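Novice: Mind looking at a prediction? Sequence and model below.
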Amino acid sequence: MLEAGGVLCGGHSINDEEPKYGLSVTGVVHPDKIMRNNNCEVGDKIILTKPLGVGIITTSYKAGEASEESYAQAIRGMQRLNKYAVEIAKNYRIHSVTDVTGFGFLGHLNEMVTPEYSISVGAADVLYIKEAERLAAEDLITGGGIKNRKYLQDKVSLRGLSTPMEEILFDPQTSGGLLISVHPDDAADLLAALSGQDPPCCIVGEVIPREDVNIIVTQ
């Protein structure tokens, strides 16, 4: 909380078998500095600031199926605050920002779309924890991912993807990265500025003129 710039005020305790820790966050922001999640412009590039697969990895690890290495990679990603990416990104022409959490990559990308435009994604450009692909191929997926797929079935067109890759794109994330819609002329410079971070970042797609679905994903 100190790293994030917050202050703990109040709280209560629960007597339970497992430790639980949750927060309700309250804050203020200058109205001229609000970063909205659905103000993209056609031509913008979409940057993802953390690899996907956290939900698959952590769920599989509980079942004894994921490796210590992959689990450690997922933990490192969750521990990395998104504020560092924001501090860098705000120096560029950013039009929209959102974070990737329970609705997964595609669910939160869908929140960035309006009736004026769609978003195109190249699955081959999306970074993810490598072992997540093997685990997804073995049907070690989450209930949340299944719900995300059902909700998005008429909003997303998946073209030529493997089933494991589809699962990774629907996978719920805990403390996932940011999706940043940035002016195309700034995309390469922003990616370079973000490149020193751990975990790594990637350009995953672009904002395109309106199609008949919100998101089109090709291999």
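Specialist: Yep, that arrived.
Novice: contacts, neighbours, all on C-alpha from now
Specialist: Noted.
Novice: List the buried residues for stretch 19-33?
Specialist: Residues of stretch 19-33 include none that count as buried (16 or more other CA atoms under 10 Å).
Novice: contacting residues around it?
Specialist: By CA atoms under 8 Å, 6 or more residues apart in numbering, the residues outside stretch 19-33 that reach it are Ile14.
Novice: same question for that stretch, mean pLDDT?
Specialist: Stretch 19-33 shows a mean pLDDT of 87.
Novice: What's the end-to-end length of it?
Specialist: Stretch 19-33 has an end-to-end distance of 37 Å (CA to CA, to the nearest Å).
Novice: does Asp212 sit in a helix, a strand or a coil?
Specialist: Following DSSP: H, G, I helix; E, B strand; the rest coil, we place Asp212 in the coil state.
Novice: Let me know the distance separating it from Val86.
Specialist: In terms of CA to CA, Asp212 sits 32 Å off from Val86.
Novice: Show me the helices in the chain, by range?
Specialist: Using DSSP state H, the helices of the chain run over 54-62, 68-79, 83-89, 104-111, 131-137, 143-152, 163-170, 184-194.
Novice: Can you say which of those is nearest to Ser120?
Specialist: Closest approach to Ser120 among these (CA to CA): helix 104-111, 10.2 Å.
Novice: which other residues reach that closest one?
Specialist: Residues outside helix 104-111 that contact it (CA under 8 Å, 6+ apart): 37-38, 52, 98-101, 145, 148, 152, 155, 169-173, 179, 214-215.
Novice: Fine, thanks again, bye for now.
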